[in-house]
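# sequence first, then the predicted structure:
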Amino acid sequence: MKKRNRAAGATAQAVADGAYVNMVAQLGTQRDKSSGGQFTLPIPLNDMQLESAYATDWLSRRIIERPAADMVRAGWYYSGISTQQIDKMNQAVKRLKIVPRLLQLLSMTRLYGTAYILLGVADGLETNQPLERDRIRDGNLQFLTVIPKKRMTPSTTKLKPEQADGRTNMPVFYTVQPEQNSGGTSFNVHHSRVIRLDQMSLADTTLHSDGTGMSVLQTVYDVVLRYAGVNAAAASLVHEAKVDVIKTKGLVDKLMSDAKSVMERFGAMALLKGINGMLVMDKDDEDYQSKTYSFTGLPELMREFSIQTAGAADMPYTILFGQSPAGMNSTGEHDTRNYYDSIATQQNWMVKPVLMDLLDVVMRSVFGAALPALEIVFQPLWQLDPKTRADIEKANSERDKAYLEAGVIHEAHVAKQLIEDGTYTVIDAQHIKDLDAMVGQQDDITANA
């Protein structure tokens with residue numbers, strides 16, 4: 001009875017610890033070697049490690065740059081403003097180089113975890129004074145500068161959560177450090193003159209107590225190192241693919257007595273073999289063998305490490321390595337579409353708030369006031385082929401025609417849907433308003449008749 005209670009107690013203790021237990025097979029007990037494994041918090045990578053990986057490893061650079069480029073490469077279109085206003089906005093975006101600045105901001109954020117855009121607004125105040133956006137007038141926004149986290153030192157004075165959109169540990173000021181060897185001096189800037197972007201996840205609050213984001217290389221660093229190590233080892237094996245072995249009688253004694261003559265002897269043999277493929281050697285004292293290394297299984301091992309790297313980077317194999325995955329005639333198209341969906345999510349959750357904040361300053365500088373109705377929609381990354389798109393457009397037009405003739409919808413409804421689908425960008429809010437007015441007039445005529 002006592003033994004049964006002890007066994008039951010041990011089982012209960014193991015179950016309470018949250019592990020699968022099999023007392024007969026000793027699974028989940030202290031004798032199970034796998035039960036000793038556990039996760040530990042990594043040491044945050046410093047800037048030198050991040051920059052070294054980015055500068056020297058092509059895979060790390062692609063992990064940083066490719067998703068950032070995909071977030072902005074298709075661009076966006078505006079809604080809620082007139083065609084003339086759209087033209088002025090596009091001119092300002094081009095003049096201020098917002099697209100390359102946004103790409104630079106995203107890349108730095110992915111590399112360092114946090115990056116900033118300094119707003120160069122000529123409002124007659126010092127940079128350490130608050131920026132009052134309502135006072136921004138035509139042409140006040142003169143430039144935008146992207147600054148990495150390592151050059152921005154936050155002040156010890158913090159904003160209240162209600163002053164920072166609910167975020168805690170947000171500084172009132174930043175001290176901008178000059179670029180290395182630039183000869184410049186540091187200066188203070190008020191937080192209202194800075195747009196900040198963080199690469200945030202739940203783990204960041206554990207690793208970075210200052211509230212800054214965590215580099216995307218933090219979670220993939222060890223996997224990328226293993227991949228690089230496997231490739232380096234494989235490249236080293238190439239030099240060992242074929243090794244010539246010459247056995248010489250009394251080699252040790254000859255080396256001790258006259259090493260120079262021995263080295264000259266083997267050097268001459270190698271030279272003769274290299275010139276005409278013929279090896280001359282002593283028949284009785286020397287024996288020649290050539291050994292080759294078999295690379296069987298090595299390509300599969302390297303491919304497995306590359307697949308693990310793609311999974312850790314949350315990128316399709318076809319995009320990260322530029323080739324289709326092997327096996328089952330796969331093209332990676334499904335993975336690519338899922339990746340583009342993930343990019344679209346990041347655009348709306350991370351990029352859009354920053355871009356709208358930036359465009360708010362641009363609007364005030366261009367028009368002298370904010371445009372509350374302005375909205376942006378990112379162009380889709382996944383594009384249908386021309387034939388498929390034409391078939392869909394034809395089907396939609398036939399559907400709209402049938403509904404129009406049946407009186408279910410009117411022209412303004414169709415125009416709004418064409419804007420949502422991105423079929424025509426020339427349709428603006430005024431055109432839709434005119435269509436609504438025409439429909440209203442037609443309804444009045446019908447009612448009076």
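Cool, the structure landed. Residues are numbered from 1 along each chain as shown.

# for the stretch 301-449 of the chain, what are the low-confidence residue spans?
324-332, 383-389, 420-422, 425-426, 428, 439-449 (pLDDT under 70).

# point out where the stretch 1-150 of the chain drops to low pLDDT.
1-19.

# can you map out the strands along it?
76-79, 114-121, 141-148 (DSSP state E, counting those that start in this stretch).

# how far away from the center of its chain is the shortest one?
It refers to strand 76-79. With Cα atoms, centre = their mean, to the nearest Å as the basis, strand 76-79 stands 23 Å off its chain's centre.

# show me what it is packed against.
Using 3 or more Cβ pairs under 8 Å, 6 or more residues apart in numbering; DSSP states H and E, the elements in contact with strand 76-79 are helix 83-95, strand 375-378. For every residue, glycine as well, the C-beta is placed using N, CA and C.

# the shortest one: what's the following helix or strand?
Think strand 375-378. helix 386-406 (DSSP states H and E).

# ok, which stretches of the stretch 301-449 of the chain are helices?
317-321, 333-346, 352-367, 386-406, 411-421, 429-448 (DSSP state H, counting those that start in this stretch).

# redo the ones you listed as CSV? Include mean neighbour count and distance to S306.
Output for the helices of the stretch 301-449 of the chain, formatted as CSV (neighbours: other Cβ atoms under 10 Å; distance: least, Cβ to Cβ, whole Å):
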stretch, mean neighbour count, distance to S306
helix 317-321, 19, 6
helix 333-346, 15, 14
helix 352-367, 19, 33
helix 386-406, 11, 32
helix 411-421, 16, 38
helix 429-448, 12, 50
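
# Three-state assignment for the residue of the chain most remote from its centre, please.
Computed with Cα atoms, centre = their mean, the residue of the chain farthest from its C-alpha average is D284, at 65.2 Å. In three-state terms, and counting by DSSP: H, G, I helix; E, B strand; the rest coil, D284 is coil.

# could I get the contacting residues of K150?
Contact analysis of K150 by Cβ atoms under 8 Å, 6 or more residues apart in numbering lists 47, 112, 177.

# now do 10 Å
With contacts defined as Cβ atoms under 10 Å, 6 or more residues apart in numbering, K150 is in contact with 46-47, 50-51, 108, 112, 114-115, 177, 180.

# do E51 as well
Contacts of E51 by Cβ under 10 Å, 6+ apart are 45, 111-112, 148, 150.

# ok, now T336?
If you count contacts by Cβ under 10 Å, 6+ apart, then T336 has 315-319, 381-382 around it.

# what is the nearest of these to S215?
M315 (15.6 Å; Cβ to Cβ).

# wait, isn't the closest one in contact with Y339?
Yes. The criterion here is Cβ atoms under 10 Å, and M315 meets it with Y339 at 6.4 Å.

# what residues are shared contacts of the two?
In contact with both M315 and Y339: 66-67, 70, using Cβ under 10 Å, 6+ apart.

# please flag which of those sit within helices.
Among the shared contacts of M315 and Y339, the subset assigned to helices under DSSP state H consists of 66-67, 70.

# mind checking which of those residues are buried?
Buried by 16 or more other Cβ atoms under 10 Å: 66-67, 70, out of these.

# now do stretch 56-65: distance to the chain's middle.
On Cα atoms, centre = their mean, the centre of stretch 56-65 falls 10 Å from that of its chain.

# measure L298 to G229 for me?
Per Cβ to Cβ, to the nearest Å, L298 is found 14 Å from G229.

# looking at the two, which has the bigger crowd around it?
L298 (14 against 11; other Cβ atoms under 10 Å).

# for that one, give me its contacts.
So L298 contacts 230, 233-234, 237 (Cβ under 10 Å, 6+ apart).

# rewinding a little: ChimeraX command to pick out the buried ones of the contacts of E51?
Paste this into ChimeraX to select the buried members of these, with burial taken from 16+ other Cβ under 10 Å:
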select :45,111,112,148,150
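
# farthest-separated two in the contacts of E51?
Once Cβ to Cβ is applied, the contacts of E51 give L45 and P148 as the farthest pair, at 14.2 Å.

# what about the helices in the stretch 151-300 of the chain?
With DSSP H, counting those that start in this stretch as the criterion, the stretch 151-300 of the chain has helices spanning 204-207, 217-239, 251-276, 298-313.

# save the ones you listed as CSV, and put in distance to A437 too.
Listed next are those as CSV, based on distance: least, Cβ to Cβ, whole Å:
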stretch, distance to A437
helix 204-207, 52
helix 217-239, 56
helix 251-276, 89
helix 298-313, 53
